[in-house]
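> Predicted structure and sequence below. I'll ask about it afterward.
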Amino acid sequence: MYEAIAFYVFSAFVIGFFLITVLSKNALYSMSSLAGGMVFIAGFFFLLDAEFIGVVQIVVYTGSVMALYAFGMMFFDTTRDVKENVTSKKLIYALSITSALLMLAILSAPIISENTSLLSAVDNNLGNTRMIGIVLFSKYLVVFELAAVMLLTAMIAGIVLVSKKMNVNKEAE
């Protein structure tokens, strides 16, 4: 019974998000709803007890939609609809410093930790998903986090460069 209700709820959300994707005139709304639809498609995999494929769906496909999101922001003039009103620069600085310290703690935790030998805890009774999780969250955690930070930095740099180009074009008009 639970699976049937979850299936219909996920189906309604997926259809709704993809309708917004197709019918929206704003590129940012369209790409945001496309990412949301991909996340709810992963819900189908979780219902089928295919957790690894569901996580791959979220990481790979939703990540690629977010890359599409960044390119859409770069190629279309989507910033004209966005009005920023920053009232407190102290709040922005505090959030930036807190985020940097949190990122430093997350990246250094596996290196500093004394119990990084989780691979010895792997036995043959664990499922494939759990064994992959143990390996990824022990041996390769820092590598994946650094790759994610590099991709995020590249996306932000692309957005900043294109927004500067748009400002130059607006001043020329």
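Cool, got the structure.

> How is the chain divided into domains?
According to automatic domain parsing, the chain is divided into the following domains: 1-83, 86-173.

> Mind giving me the packing neighbours of the helix or strand containing T98?
Here T98 sits within helix 89-112, counting by DSSP states H and E. Applying 3 or more Cβ pairs under 8 Å, 6 or more residues apart in numbering; DSSP states H and E, we find helix 89-112 packed against helix 141-172. Quick note: C-beta positions are derived from backbone N, CA and C, even for glycine.

> Any chance of TSV for the domains of the chain, columns mean neighbour count?
Shown next, in TSV, are the domains of the chain (neighbours: other Cβ atoms under 10 Å):
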stretch	mean neighbour count
domain 1-83	15
domain 86-173	11
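
> The ones you listed into CSV, with extra columns for mean pLDDT?
Shown next, in CSV, are the domains of the chain (pLDDT from 0 to 100):
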stretch, mean pLDDT
domain 1-83, 81
domain 86-173, 71
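
> need the next SSE after the helix holding T98, C-terminal direction.
helix 128-136.

> For N128, list the residues it contacts.
F52 (Cβ atoms under 8 Å, 6 or more residues apart in numbering).

> Quick check: M103 touching V149?
Yes: assessed by Cβ atoms under 8 Å, M103 is found in contact with V149 at 7.4 Å.

> that older thread, ok, residues contacting the helix holding T98?
By Cβ under 8 Å, 6+ apart, helix 89-112 touches 86, 116, 138, 141-142, 145-146, 149.

> before we move on, what about stretch 66-76?
Applying Cβ under 8 Å, 6+ apart, the contact partners of stretch 66-76 are 27-28, 31-32, 34-35, 78-79, 151, 155, 158-159, 162.

> Looking at the residues you listed, which is nearest L48?
Compare each of those with L48 using Cβ to Cβ and the shortest gap goes to A35, at 21.5 Å.

> Excluding chain neighbours, what is closest to that closest one?
Excluding the flanking residues, the one nearest A35 by Cβ to Cβ, 6 or more residues apart in numbering is V65, at 4.5 Å.

> isn't the one you found right up against I41?
No: using Cβ under 8 Å, V65 is not in contact with I41; the gap is 11.0 Å.

> Within the helices and strands, which one has the residue nearest the centre of the chain?
By Cα atoms, centre = their mean, the chain has its centre lying nearest to G63, at 5.4 Å. Using DSSP H and E, G63 sits within helix 63-75.
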